[in-house]
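>>> 3D model of this:
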Amino acid sequence: MNYTVLGANGFIGKHVAAALRRRGHSPLCPDREQRLPGRDLGVVFYCIGLTADFRQRPLDTVDAHVCVLNRVLREASYEKLVYLSSTRVYMGLKGRVNEDDVLLANPNDPSDLYNISKLMGESACLHSGRNAAVARLSNVVGPDFSSDNFISALIREACEERSIHLHSTAESAKDFILLEDAVGAIVALGELSRPMPIYNIASGRNLSNGQVCAAITAVEHCNWEVAQGARLLDSPEIDISRSRKDLGLTPGDVLGSLAGLVCRYREKKDVEHGYTY
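Numbers count the residues shown, from 1 in each chain. Below is the predicted model:
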């Protein structure tokens, strides 16, 4: 079986490609601007996307999530495509959500541009007449220290400023999944012969800002506080029963992993500063 990872320079794509190599494969990892070769690409993992900077780059976001994808759907020869979407598309819903729920989006809200572009990408894949499946990824937790993703930003702030300042309430909560669990489920989806159209790849359990901050500051021995006027941002809980059954997803302990991530960040900074022990 051939495998192709589009977006292999990004955080998730890089680890999907590495996971495939550990399984003995040699995935093709073309640059984003490279025209795809004429040969069969096999199973394609579409990992191209923007994350925390989408508000500053709205047109680039649409290009990454929809326009480049459209060229692949039109021009490329492949057996199956796995499109990486986001559980952020469930924003605005309450309770516990699953892959079949009807979703909400408001084009007047700049924060919804990300969701709308991901949903357009999903819809293009599922109605293209090509073999495709969608992986809705939760907030992935791993050593992505240069990003502005929530936990990475909190770890940097704790280690470098010796405190954490939250702009949403301590009770605000959302779903997080460990990097290795997310990558394992994505690869399993690529290997699944008859997948369902959409899979939630998440932990199925929300963690509050307070829980996350307490776990980080317990290791770094610093304080955390909530800004005056902070908003409550409460995300729905994600149903992962489909991924448990079909992909073998068994989410690990996100809170328990944070101490190790803080230590890895410290080690990274020590190497950058030339410290040895």
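>>> And the strands in the stretch 1-150 of the chain?
3-6, 43-46, 80-86, 96-97, 132-137, 139-141 (DSSP state E, counting those that start in this stretch).
>>> Residues in contact with the fourth one: which ones?
Translated: strand 96-97. Outside strand 96-97, the residues that touch it by Cβ atoms under 8 Å, 6 or more residues apart in numbering are Tyr90, Pro236, Glu237, Ile238, Asp239. C-beta coordinates here come from the backbone N, C-alpha and C atoms, glycine included.
>>> Closest to Lys269 out of these?
In terms of Cβ to Cβ, no member of these lies closer to Lys269 than Ile238, at 33.0 Å.
>>> Could you tell me what pLDDT the model assigned to that closest one?
Note on Ile238: pLDDT of 98.
>>> Could you tell me how many residues sit around the closest residue to it other than its chain neighbours?
What sits nearest to Ile238 in space, not counting adjacent residues and going by Cβ to Cβ, 6 or more residues apart in numbering, is Ala202, at 4.0 Å. Using other Cβ atoms under 10 Å, Ala202 is surrounded by 29 other residues.
>>> Helices of this structure, residue ranges please.
11-22, 58-62, 68-75, 112-126, 150-161, 179-191, 209-220, 241-247, 254-273 (DSSP state H).
>>> Least reliable of the ones you listed by average pLDDT, please.
When the helices of the chain are ranked by mean pLDDT, helix 254-273 comes last with a mean of 86.
>>> Buried ones in it, by neighbour count?
Val254, Ser257, Leu258, Leu261, Val262, Tyr265 (16 or more other Cβ atoms under 10 Å).
>>> the longest strand in the chain is where?
strand 223-231 (DSSP state E).
>>> quick one: it to helix 150-161, angle?
For strand 223-231 against helix 150-161, the angle by axes from the mean of the first three to the mean of the last three Cα atoms, to 10 degrees is 130 degrees.
>>> follow-up on the earlier one: tabulate the buried residues of helix 254-273 in a markdown table, adding columns for distance to Val5.
What follows is the buried residues of helix 254-273, written out as a markdown table (distance: Cβ to Cβ, whole Å):
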| residue | distance to Val5 |
| --- | --- |
| Val254 | 25 |
| Ser257 | 24 |
| Leu258 | 28 |
| Leu261 | 24 |
| Val262 | 29 |
| Tyr265 | 26 |
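>>> buried stuff in stretch 63-80?
For stretch 63-80, using 16+ other Cβ under 10 Å, the buried residues are Asp63, Ala64, His65, Val66, Val68, Leu69, Val72, Leu73, Ala76, Tyr78, Lys80.
>>> Surely the residue nearest to Ile238 and Asp181 touch.
No: Ala202 sits out of contact with Asp181 when judged by Cβ atoms under 8 Å, with a separation of 9.2 Å.
>>> Return every residue with contacts to both of these two.
In contact with both Ala202 and Asp181: Pro251, using Cβ under 8 Å, 6+ apart.
>>> what residues are up against the closest residue to Met91 other than its chain neighbours?
In this structure, Met91 finds its nearest non-sequential neighbour in Asn115, 6.3 Å apart by Cβ to Cβ, 6+ apart. By Cβ under 8 Å, 6+ apart, the contact set of Asn115 is Ser86, Arg88, Val89, Met91, Leu103, Ala105.
>>> measure the third one to Arg136 for me?
Which is Val89. 7 Å (Cβ to Cβ, to the nearest Å).
>>> now the end-to-end length of stretch 203-215.
Terminal residues of stretch 203-215 are spaced 18 Å apart (Cα to Cα, to the nearest Å).
>>> Distance from the chain centre to it, please.
Between the centre of stretch 203-215 and the centre of its chain there are 17 Å (Cα atoms, centre = their mean, to the nearest Å).
>>> Need the buried residues of stretch 63-80 in CSV (columns: distance to Gly10).
Listed next are these as CSV, based on distance: Cβ to Cβ, whole Å:
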residue, distance to Gly10
Asp63, 14
Ala64, 10
His65, 13
Val66, 17
Val68, 13
Leu69, 14
Val72, 16
Leu73, 20
Ala76, 19
Tyr78, 19
Lys80, 20
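>>> From the contacts of strand 96-97, which land in strands?
Short answer: these in strands (DSSP E) are Glu237, Ile238.
>>> sorry, back to before: closest to Arg162 out of the buried residues of helix 254-273?
Once Cβ to Cβ is applied, the member of these that ends up nearest Arg162 is Val262, at 12.7 Å.
>>> Does the closest one touch Ile216 like I think?
Yes: assessed by Cβ under 8 Å, Val262 is found in contact with Ile216 at 6.1 Å.
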